[in-house]
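*Asks:* Return atomic coordinates for the entry below.
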Amino acid sequence: WVVWGGSRDVLKWFSTQPTPIFAGFGRMEDLPIAGIKPDKKPAQSACIRRLVELGHRRIVVLVRPEVRLPKPGRSVRHFLAELESHGLETGPYNLPDWADSPEGLQRGLDSLFEVTPPTALIADGSHLFFAVQQFLAKRGLQVPEDVSLVCTDANRNYWWCRPTVSHMHWSFRPVLRRIERWVGNIARGKDDRRQSFTKSEFVEGGTIGPAPGSG
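*Replies:* Have a look, this model is predicted:
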């Protein structure tokens, strides 16, 4: 089996089955299965450093429940640790809770912007990025003048966007090569359970700018 973007529970179930499994992304850490995912730590560090340089202090990471429950995954923990390394306190505000549905996301964003709105939002995936864009447009908020936006993934549709989208980029080719090697190893009877990571980089676009009032 090659399981794409599996949740922790799904990957854990597959790890107990006799059929070999390869995880393409998903919360695979500490499970006895093969897999590959981007190492986004360098890109995350560069992103947070740039936002702090631009005067941002209210930075929110928006991820789906499966990435933060029952406890935040490795990538989210690194985000929060990076904020703290720049002297920013972290808590539920930086990692808001919301129900895993379009309506739940809208309610979560409504609550987030009700009292102390963030000056920078990091969306974990292009689907969340585009949903946040629509939310901000309905409120009459401009990007990046009112809110800076970053996506943790690349998307071919970004080419059409103006301003250009700030995002984290990684190559898909190493993923395909690793899957091919894993299939070959399994076909030869080798018990291949190695987990590896691809490199990533932060690509600064026009969706981030100085925090409101910082200039």
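
*Asks:* Show the low-confidence segments of this protein, by residue range.
*Replies:* 215 (pLDDT under 70).

*Asks:* Could you pick out the longest helix of it?
*Replies:* Longest helix in the chain by number of residues (criterion: DSSP state H): helix 173-187.

*Asks:* Check which helices and strands that one is in contact with.
*Replies:* strand 22-24, strand 34-38, strand 195-198 (3 or more Cβ pairs under 8 Å, 6 or more residues apart in numbering; DSSP states H and E). Glycine gets a C-beta too; all of them are placed from N, C-alpha and C.

*Asks:* would you turn those strands into CSV with distance to residue 154?
*Replies:* Listed next are the helices and strands packed on helix 173-187 as CSV, based on distance: least, Cβ to Cβ, whole Å:
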stretch, distance to residue 154
strand 22-24, 16
strand 34-38, 10
strand 195-198, 12
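
*Asks:* closest to residue 48 out of the ones you listed?
*Replies:* Nearest of those to residue 48, taken as Cβ to Cβ: strand 34-38 at 16.6 Å.

*Asks:* before we move on, the earlier item: what sits up against the longest helix of the chain?
*Replies:* By Cβ atoms under 8 Å, 6 or more residues apart in numbering, the surrounding residues in contact with helix 173-187 are 2, 20, 22, 24, 34, 36, 192, 196, 198.

*Asks:* from those, which single one is nearest residue 159?
*Replies:* residue 198 (21.5 Å).

*Asks:* Would you agree residue 107 falls within a strand?
*Replies:* No - with DSSP: H, G, I helix; E, B strand; the rest coil as the criterion, residue 107 is helix rather than part of a strand.

*Asks:* give the contact list for it.
*Replies:* By Cβ under 8 Å, 6+ apart, residue 107 lies in contact with 98-99.

*Asks:* quick one, what contacts residue 209?
*Replies:* When contacts are counted by Cβ under 8 Å, 6+ apart, residue 209 is found next to 54, 144-145, 148.

*Asks:* Correct me if wrong, but it is in a helix.
*Replies:* No - looking at residue 209 with three-state DSSP, it is coil, so not inside a helix.

*Asks:* quick one, phi psi at it?
*Replies:* Taking degrees, to the nearest 10, you get phi -160, psi -180 for the backbone angles of residue 209.

*Asks:* what about it, distance to residue 54?
*Replies:* 7 Å (Cβ to Cβ, to the nearest Å).

*Asks:* overlap in contacts of the two?
*Replies:* In contact with both residue 209 and residue 54: residue 148, using Cβ under 8 Å, 6+ apart.

*Asks:* Okay, buried residues for the longest helix of the chain please.
*Replies:* 175, 178-179, 182, 185-186 (16 or more other Cβ atoms under 10 Å).
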